[in-house]
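In: after the sequence you'll find the predicted model.
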Amino acid sequence: MKVTTVLRYGLRLMIQMGKNYQKEPLSLKLIAKKQKIPIKYAEKIINLLLKAGLVRSVRGKEGGYLLASKPKEIKLLAIFKALDGEVSLVDCVLNPQICKRSKYCEARRLWRLLSENWKKILSTLTLKDLLKGR
């Protein structure tokens with residue numbers, strides 16, 4: 001499984017907002033600059049995070065973006081789902097009907113086990129854990 005650019009940049013964007021938690025809103029331009037994320041990617045990502053309710057926007061001259069919850073309450077699984085959809089290593093785990101071999105595939109059990117454990121890990125880790133360098 002290869003992690004997408006949207007996911008990598010999205011985590012960096014969330015980390016930057018986590019570093020700024022309980023401070024003034026940050027402009028998207030500043031977040032993108034600090035994390036060296038192209039502004040077009042940052043615009044796409046912030047919309048996904050807003051839609052998922054992970055961040056909120058503040059309008060006005062001093063406006064920008066803030067986390068919608070405390071970093072310790074934001075599970076990495078929620079970030080992954082917001083940016084990349086349902087978490088699975090291979091598509092056939094979520095949608096067995098897309099693969100003609102799914103009924104007798106010897107490897108499918110392994111993919112399912114790995115995907116389930118990956119989800120468990122992501123559901124226990126939070127944004128705060130990333131900020132602490134855990």
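Out: Received, thanks.

In: for the helix or strand containing Leu48, packing partners?
Out: Leu48 belongs to helix 39-51 when assigned by DSSP states H and E. The contact analysis (3 or more Cβ pairs under 8 Å, 6 or more residues apart in numbering; DSSP states H and E) places helix 39-51 against helix 5-19, helix 28-35, strand 55-58, helix 76-84. No exception for glycine: its C-beta is placed from N, CA and C like everyone else's.

In: give the buried residues for the longest one.
Out: By neighbour count, and taking 16 or more other Cβ atoms under 10 Å as the criterion, the buried residues in helix 5-19 are 7, 9-18.

In: pLDDT (mean, whole number) over it?
Out: Mean pLDDT, helix 5-19: 96.

In: how about the second one?
Out: Model confidence over helix 28-35 averages 96 on the pLDDT scale.

In: that one versus helix 5-19: what angle between them?
Out: Here the directions of helix 28-35 and helix 5-19 differ by 100 degrees (axes from the mean of the first three to the mean of the last three Cα atoms, to 10 degrees).
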